[in-house]
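Asks: Sequence first, predicted coordinates after that:
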Amino acid sequence: MADQFELRPLDQFNLKSLIDFRIGEYDLSFTNSTLFMFLGLICLSGLLMLFIKKPQLVPNRMQAMGELIHDFVLGTVNENTLGKGEQYFPFIFSLFCFILTLNLLGLLPHGFTVTSHISVTLAFALIVFVVLNIIAFARHGLKFFHHFLPEGIPLFLAPVMIVIELFVYLIRPVTLSIRLAANMMAGHILLYIAATFVVIGGITIGIIPISFVIVFTGIEIFVAVLQAYIFTILTCTYLNDAIHLH
C-alpha cells in the first residue's frame, strides 16, 4: 500500500498533452493547463452573466455578490492610484477575477492549478508590464524616463542610480510571477502530502491527517483569494507609478 501511494507531490503539476498538435518544431498541443484555462474562462463568464442577469434595484444574492466583488476591486484600484486609475478598472477587474478563478479551480478534485506554473504567471505579469508601460508613455511621453532618476540625486551618482532603478523596474514581472506561482505550488504540495497520509493510514490512522486536509483546504481557499488580491494590489501599485511617475 505504501509503495502504491508513493509520495510524489510534484507530479500534480506535470503538463499532460490531451490533444497532440504540432506545426513544424512548435508544439501547440491542447494540454491540461489549456483545458483548465478554458474552463476558467467559461466559469468566469457564466458567473459574470449570472451577476448581471436581470439587475434589480434591490439586488438578489447573485447580484449582491457581483456588486461586492465589483466594489472591492474598484476600491482597491482607487485607493492605490489616488482615484486616478478608475478608467483602467476593467483591465484590473478582469485580471483579478481570472486569476482567482484559476486558483480556485486548482482546488477541485483532479483539478490542475494553472497558476502554479511560472510560464503562466509570467505571461500575466508581462501583460501587466506591457500595458502599464503603454499607459506611462501615453500619459507622460519621454518624461517617463525621469522615473529612473529621482529628483535631488547628485550628478555623480546618476549612472549608478539609473542602473539600480532600471534593474528594479525590469525585475517587477519576475517577482510578480514567482510570488504567485510559488505560493500556489507550496500550498498544493502540503495538501497533497496530508491527503496521501490519509490514504496510507486508512480509516483509523488517517483520522488525524483528515483533519489536517480539512484545515489545509480552508487555508488553500484563503491563499487562492489572497494571492489573486496580492497580484492585483501590486498591479495597482505599479499602475500608480505609471500614472504619477513615482
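Replies: Great, that's in hand. For clarity, every value in this text was computed on a predicted model and none was experimentally measured.

Asks: Okay, now the unreliable bits of the chain?
Replies: 1-7, 198-209, 246 (pLDDT under 70).

Asks: who does the lengthiest helix in it touch, helix- and strand-wise?
Replies: With DSSP state H applied, the helix covering the greatest number of residues in the chain is identified as helix 207-244. With contacts defined as 3 or more C-beta pairs under 8 Å, 6 or more residues apart in numbering; DSSP states H and E, helix 207-244 has these neighbours: helix 61-80, helix 89-105, helix 118-140, helix 172-205. To be clear about C-beta, it is placed using only N, CA and C from the backbone, and glycine gets the same treatment.

Asks: Check those helices for me and report the most buried one.
Replies: Mean neighbour count, computed with mean count of other C-beta atoms under 10 Å, is highest for helix 89-105 among the helices and strands packed on helix 207-244, reaching a mean of 20.

Asks: Using PDB, write down the CA coordinates of that one.
Replies: Listed next in PDB are the C-alpha coordinates belonging to helix 89-105 (Å, rounded to 0.1, in the frame of the first residue of the first chain):
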ATOM      1  CA  PHE A  89     -10.700  49.300 -13.800                       C
ATOM      2  CA  PRO A  90     -12.000  46.800 -16.400                       C
ATOM      3  CA  PHE A  91      -8.400  45.500 -17.000                       C
ATOM      4  CA  ILE A  92      -7.700  45.200 -13.300                       C
ATOM      5  CA  PHE A  93     -11.100  43.600 -12.600                       C
ATOM      6  CA  SER A  94     -10.700  41.000 -15.400                       C
ATOM      7  CA  LEU A  95      -7.200  40.200 -14.200                       C
ATOM      8  CA  PHE A  96      -8.300  39.700 -10.600                       C
ATOM      9  CA  CYS A  97     -11.300  37.500 -11.500                       C
ATOM     10  CA  PHE A  98      -9.500  35.300 -13.900                       C
ATOM     11  CA  ILE A  99      -6.500  34.600 -11.600                       C
ATOM     12  CA  LEU A 100      -8.900  34.000  -8.700                       C
ATOM     13  CA  THR A 101     -11.000  31.500 -10.800                       C
ATOM     14  CA  LEU A 102      -7.900  29.600 -11.900                       C
ATOM     15  CA  ASN A 103      -6.600  29.500  -8.300                       C
ATOM     16  CA  LEU A 104      -9.900  28.000  -7.100                       C
ATOM     17  CA  LEU A 105     -10.300  25.500 -10.000                       C
END
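
Asks: Does anything pack onto it? Which helices or strands?
Replies: Using 3+ C-beta pairs under 8 Å, 6+ apart as the contact criterion, the elements in contact with helix 89-105 are helix 32-52, helix 61-80, helix 118-140, helix 207-244.

Asks: how about these, which one is nearest Phe112?
Replies: When the helices and strands packed on helix 89-105 are ranked by proximity to Phe112, the top entry is helix 32-52, at 4.7 Å, counting by C-beta to C-beta.

Asks: mind listing what's buried in that closest one?
Replies: Of the residues in helix 32-52, those with enough neighbours to count as buried (16 or more other C-beta atoms under 10 Å) are 32-34, 36-37, 39-40, 44, 48, 51.

Asks: so which of the helices and strands packed on helix 207-244 comes closest to Asn14?
Replies: With C-beta to C-beta as the criterion, Asn14 lies closest to helix 172-205 of the helices and strands packed on helix 207-244, at 12.4 Å.

Asks: In terms of secondary structure, what does the closest one contact?
Replies: helix 118-140, helix 207-244.

Asks: Make TSV from those and add distance to Ile164 to it.
Replies: Formatted as TSV, the entries for the helices and strands packed on helix 172-205 read as follows, by distance: least, C-beta to C-beta, whole Å:
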stretch	distance to Ile164
helix 118-140	18
helix 207-244	16
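
Asks: Looking at the ones you listed, spot the one closest to Pro55.
Replies: Ranking these by distance to Pro55, with C-beta to C-beta as the measure, places helix 207-244 first at 24.6 Å.

Asks: check contacts around Lys143.
Replies: For Lys143, the contacting residues are Leu245, taking C-beta atoms under 8 Å, 6 or more residues apart in numbering as the criterion.
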